[in-house]
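S.K.: sequence unknown, structure follows:
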DNA sequence: CACAAGTAGTTGACTAAGTCAATTATATTA
DNA sequence: TAATATAATTGACTTAGTCAACTACTTGTG
């Protein structure tokens, strides 16, 4: 457990070293400009904030106020910015970029954009897009207010295929099941889509990615089968399983199903505990002769309602 | 077209500003150590390369040789490194980190690791994993030797689900088709898996991601249907379509199919040109009354072989 | 093999970048 | 209204980084 954290830290540090170079490359043009890196950062910051005070800048850019003061003095002398006394606070002064300043900004900005274009242009469009998406994802994850909560929603177009996809990949990886198992999952999902009103599928998402799902299908008036229950490996053991099964059980009560069953494999201890917690009991075991002879299938049943 | 590049550049610059702060945060501990940032970089570099020369370091770290020389002199004076004349080149000297140097390295390294652990620990495992994966992906894409070639392979477990997934998502987005279309795709894929020997599916990958696919299914001894042809939007117009259709056509010739047909929608001009290029002709048009009344389905046929 | 050209590393002399404490002028608050 | 805090500036400094010149070697070419 701890070593996976160590591993990740190592990867991130590798990325940091790498990305420091990329940033250095993009900042290269600043060296050729008449501005220092700190000056360039100040100038570029005026883009976002049209007007601001010196202390604002010092805080945003994490720059020494004295140092900043000198930078601003130079900018003012060169006519890049204008200052006016603040009306609300006699100590501070409002900084405003001039047209000349804006031109200097634009020049710097274009130079660094060109550097980036050079970096991107030899890549296919799709890769460029993926690159930007990866960056946005990282930014989202590392933001202070990163929303790492897991949300559960009903299924939408594409989800059913996604469920088949993850079943195919993970059951192949974890149990060595091949396309025959994939076919079985696909068949069950197809059958579900023939009459979606007979059940429901829920999808758990975290940070925009699907991290788990579960489904229920009515078999008879009072009996329903729990299906397609899967949690991505990295999200196991976080209570998501309980949340998904709860969702299904609530649905069953609403729909007056008093009998729920499911098929699973022997040996999945975490899942067994979960099922037992919800009152399921083992009712049948059989060797699986289609997908993999080593696996033993188990059926679990629970009666609901009248307490 | 050009504006999408501009948009991406803007996003990347946003990420750069953001990540500059992250790197600054992680480097914070260096400020509290007795080493400057440049010194710390040098010290940390000794991890990767056990022995190296000054010019190696200067090149890797992009540091002025004179500056580096002084840093190394200080390290030597403090007993962090040892130098020995190179036997193969009398001008250069081999630098080697001492036990004391290793300890200093470890201290710095741990401090910066701890910073990263602090950044990660409040995130769920799965998000941490995703973060690292995103970073690795970015690194791969921006590396000089980035392999942006597109490879085509036969399908493997999970692909069939993935095909259904992307059909569901993209046809919903692009044509507003709902779960009824999804069901139709799923049915066709299920039917294929019932007897995979009747056809084949190919998947195009770029940088580890699936960017397109195509399939063929034998309908009778001499007739085959081309199916599940889809290219991710960002990879359209790059010649991938031609490559995929070629793959299918070659397969058909090998299998002695002399008649291939496909169903598509009216209005996809790029696809129409592609089909025409491979000799397909429009043979049937019909309104689609199941998924979306606006769409007109088209059947295209081609006879192969005997030129 | 000699000699020009090149490379590894060092040094002196410098400039630029950044820090820190003290100071002035204004605000806030008890 | 006096004590405390904050915005901005300034002086006096340290550290970081650059550049050209130099020594001591190596390599390639006629």
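M.R.: Great, that's in hand. Keep in mind that what you see is a predicted model, and the values were worked out from it rather than measured.
S.K.: Could I get the pLDDT score of residue A:241?
M.R.: pLDDT, residue A:241: 94.
S.K.: Is the closest residue to it other than its chain neighbours part of a helix or strand, or is it coil?
M.R.: Distances taken as Cβ to Cβ, 6 or more residues apart in numbering or on different chains place residue A:274 nearest to residue A:241, at 5.2 Å, with adjacent residues excluded. C-beta: built from backbone N, CA, C; applies to glycine. Secondary structure state of residue A:274, per DSSP: H, G, I helix; E, B strand; the rest coil, is helix.
S.K.: Now the stretch 201-307 of chain A against DNA strand D: closest residue?
M.R.: Across the stretch 201-307 of chain A, the shortest distance to DNA strand D (Cβ to the nearest atom of the strand) belongs to residue A:207, at 35.4 Å.
S.K.: count of neighbours near that residue?
M.R.: By the measure other Cβ atoms under 10 Å in any protein chain shown, the count of residues near residue A:207 is 19.
S.K.: just to revisit the earlier point, mind checking pLDDT for the residue nearest to residue A:241?
M.R.: pLDDT for residue A:274: 93.
S.K.: For the stretch 51-200 of chain A, which segments count as strands?
M.R.: When secondary structure is read from DSSP state E, counting those that start in this stretch, the stretch 51-200 of chain A shows strands at A:51-53, A:81-85, A:93-97, A:150-154, A:199-206.
S.K.: and the angle for the longest one with strand A:150-154?
M.R.: Right, the one you point to is strand A:199-206. Strand A:199-206 and strand A:150-154 are oriented at 150 degrees to each other (axes from the mean of the first three to the mean of the last three Cα atoms, to 10 degrees).
S.K.: Summarise which helices and strands the following helix or strand past strand A:199-206 is packed against.
M.R.: Later in the chain than strand A:199-206, the nearest helix or strand by DSSP states H and E is strand A:209-218. On a contact count with 3 or more Cβ pairs under 8 Å, 6 or more residues apart in numbering or on different chains; DSSP states H and E, strand A:209-218 meets helix A:159-175, helix A:179-194, strand A:199-206, strand A:223-231, helix A:240-254.
S.K.: Now with 10 Å, please.
M.R.: Judged by 3 or more Cβ pairs under 10 Å, 6 or more residues apart in numbering or on different chains; DSSP states H and E, the packing partners of strand A:209-218 are strand A:150-154, helix A:159-175, helix A:179-194, strand A:199-206, strand A:223-231, helix A:240-254, strand A:259-265, helix B:125-142.
S.K.: Adding mean neighbour count and distance to residue B:257, write these out as a markdown table.
M.R.: Shown next, in a markdown table, are those (neighbours: other Cβ atoms under 10 Å in any protein chain shown; distance: least, Cβ to Cβ, whole Å):
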| stretch | mean neighbour count | distance to residue B:257 |
| --- | --- | --- |
| strand A:150-154 | 13 | 42 |
| helix A:159-175 | 22 | 27 |
| helix A:179-194 | 21 | 22 |
| strand A:199-206 | 21 | 37 |
| strand A:223-231 | 21 | 36 |
| helix A:240-254 | 17 | 45 |
| strand A:259-265 | 18 | 39 |
| helix B:125-142 | 20 | 39 |
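S.K.: got the contact list for the residue nearest to residue A:241?
M.R.: A:229, A:241-242, A:244-245, A:268, A:280 (Cβ atoms under 10 Å, 6 or more residues apart in numbering or on different chains).
S.K.: again, only this time at 7 Å
M.R.: Listed by Cβ atoms under 7 Å, 6 or more residues apart in numbering or on different chains, the contact set of residue A:274 reads A:241-242, A:245.
S.K.: ok, now residue A:62?
M.R.: So residue A:62 contacts residue B:24 (Cβ under 7 Å, 6+ apart).
S.K.: if you set the cut-off to 8 Å instead, what comes out?
M.R.: B:21, B:24 (Cβ atoms under 8 Å, 6 or more residues apart in numbering or on different chains).
S.K.: List phi and psi for it.
M.R.: Here is the backbone geometry of residue A:62 (degrees, to the nearest 10): phi 50, psi 50.
S.K.: what's the pLDDT at it?
M.R.: The per-residue pLDDT of residue A:62 was computed as 85.
S.K.: in the sheet, who's paired with residue A:81?
M.R.: residue A:97 (DSSP bridges).
S.K.: So it sits against residue A:96, correct?
M.R.: Yes: counting by Cβ atoms under 8 Å, residue A:81 touches residue A:96, with 6.4 Å between them.
S.K.: Which one's more surrounded, those two?
M.R.: residue A:81 (21 against 14).
S.K.: ok, now which ones touch that one?
M.R.: A:46, A:72, A:75, A:95-98, A:101.
S.K.: Output these as CSV; include the columns pLDDT and distance to DNA strand C.
M.R.: Formatted as CSV, these follow (pLDDT from 0 to 100; distance: Cβ to the nearest atom of the strand, whole Å):
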residue, pLDDT, distance to DNA strand C
A:46, 79, 17
A:72, 91, 13
A:75, 90, 13
A:95, 88, 17
A:96, 86, 19
A:97, 88, 20
A:98, 88, 21
A:101, 88, 18
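S.K.: Mind giving me the ChimeraX select for those, buried ones only?
M.R.: A single ChimeraX command selects the buried members of the contacts of residue A:81 (16 or more other Cβ atoms under 10 Å in any protein chain shown):
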select /A:46,72,75,95,97,101
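S.K.: Can you tell me which of the contacts of residue A:81 lies closest to residue A:134?
M.R.: Using Cβ to Cβ, residue A:46 comes nearest to residue A:134 of those, at 28.8 Å.
S.K.: Give the closest residue to that closest one in space, chain neighbours not counted.
M.R.: residue A:97 (4.4 Å).
S.K.: Need the pLDDT of the residue sitting furthest away from the middle of chain A.
M.R.: Largest separation from the mean C-alpha position in chain A: residue A:77, at 46.9 Å (Cα atoms, centre = their mean). Residue A:77 is assigned a pLDDT of 89 by the prediction.
S.K.: most centrally placed residue in chain A?
M.R.: Nearest to the mean C-alpha position of chain A, by Cα atoms, centre = their mean, lies residue A:207 at 3.0 Å.
S.K.: what's the helix-or-strand element of chain A with minimal mean pLDDT in contact with?
M.R.: None of the helices or strands of chain A scores lower by mean pLDDT, DSSP states H and E than strand A:51-53, at a mean of 81. Contact partners of strand A:51-53, identified using Cβ under 8 Å, 6+ apart, comprise A:45-46, A:86, A:92-96.
S.K.: Return the set of buried residues in that strand.
M.R.: By neighbour count on 16+ other Cβ under 10 Å, the buried set for strand A:51-53 is A:52-53.
S.K.: what's the burial count for the spatially closest residue to residue A:27 that is not a sequence neighbour?
M.R.: Distance criterion Cβ to Cβ, 6+ apart; nearest residue to residue A:27, sequence neighbours excluded, is residue A:37 at 6.2 Å. Neighbour count of residue A:37, defined by other Cβ under 10 Å: 12.
S.K.: okay, residue A:37: pLDDT?
M.R.: With respect to pLDDT, residue A:37 scores 87.
S.K.: what's the distance between it and DNA strand C?
M.R.: Using Cβ to the nearest atom of the strand, to the nearest Å, residue A:37 is found at 6 Å from DNA strand C.
S.K.: Could you do residue A:143 as well?
M.R.: Distance of residue A:143 to DNA strand C, computed by Cβ to the nearest atom of the strand: 25 Å.
S.K.: re earlier: the residue of the stretch 201-307 of chain A closest to DNA strand D and residue A:143 touch, don't they?
M.R.: No: under the criterion of Cβ under 8 Å, residue A:207 makes no contact with residue A:143, lying 10.7 Å away.
S.K.: Nearest to DNA strand C: which residue in the stretch 151-300 of chain A?
M.R.: Residue of the stretch 151-300 of chain A nearest DNA strand C, by Cβ to the nearest atom of the strand: residue A:207 (34.2 Å).
S.K.: Not counting sequence-adjacent ones, nearest residue to that residue?
M.R.: What sits nearest to residue A:207 in space, not counting adjacent residues and going by Cβ to Cβ, 6+ apart, is residue B:127, at 5.8 Å.
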